[in-house]
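J.: Predicted model, plus sequence, below.
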Amino acid sequence: MRLPGGVSANLYLRKRMKEIGEEHNLNVYYPEMSLCTDNAAMIAAAGYYNYLNGESASLDLNAVPNLKIGE
């Protein structure tokens, strides 16, 4: 069982995943804390360049988690 990305920096989540893994005889893998970053900087940079290009969205924009940038 893998716990990737920025969410893996959550210490409570790491603890619970380890406990669940032990309960079900599963190995749990997660990166070292120094590697647990999220993509907030990437999203901010993309938004910045969209803003510079005059692109914007209305306040009723809905989140679509699997939408690719540029769609």
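T.: Good, I have the coordinates.
J.: what are the ranges of the helices in the chain?
T.: Along the chain, the stretches classed as helices by DSSP state H are 11-23, 40-52.
J.: wait, which of those is closest to Asn66?
T.: Of all the helices of the chain, helix 40-52 sits nearest to Asn66, with 14.0 Å by Cβ to Cβ. Backbone N, C-alpha and C define where each C-beta goes, glycine included.
J.: who does that closest one touch, helix- and strand-wise?
T.: Applying 3 or more Cβ pairs under 8 Å, 6 or more residues apart in numbering; DSSP states H and E, we find helix 40-52 packed against no helix or strand.
J.: List of residues touching it?
T.: Helix 40-52 is contacted by residues 6, 56, 69 when judged by Cβ atoms under 8 Å, 6 or more residues apart in numbering.
J.: before we move on, back to that, weakest of the helices of the chain by average pLDDT?
T.: Note on the helices of the chain: lowest mean pLDDT is at helix 40-52, with a mean of 88.
J.: returning to that earlier point: give me whichever of the helices of the chain is most buried.
T.: Mean neighbour count (mean count of other Cβ atoms under 10 Å) peaks for helix 11-23 among those, with a mean of 12.
J.: How far away from the center of its chain is it?
T.: 19 Å (Cα atoms, centre = their mean, to the nearest Å).
J.: can you check stretch 3-19 too?
T.: Distance, centroid of stretch 3-19 to centroid of chain: 12 Å (Cα atoms, centre = their mean).
J.: how far does that stretch stretch from start to finish?
T.: Stretch 3-19 has an end-to-end distance of 13 Å (Cα to Cα, to the nearest Å).
J.: Just the residues contacting it, thanks.
T.: 1, 28-31, 33, 36-40.
J.: Which residue in these has the weakest pLDDT?
T.: Asp38 (68).
J.: Most neighbours of all the contacts of stretch 3-19, which one?
T.: Tyr30 (20 neighbours; other Cβ atoms under 10 Å).
J.: Ok, which of the helices of the chain comes nearest Ala63?
T.: It is, among the helices of the chain and with distance given as Cβ to Cβ, helix 40-52, at 11.4 Å.
J.: Since that was my last question, I'll sign off now.
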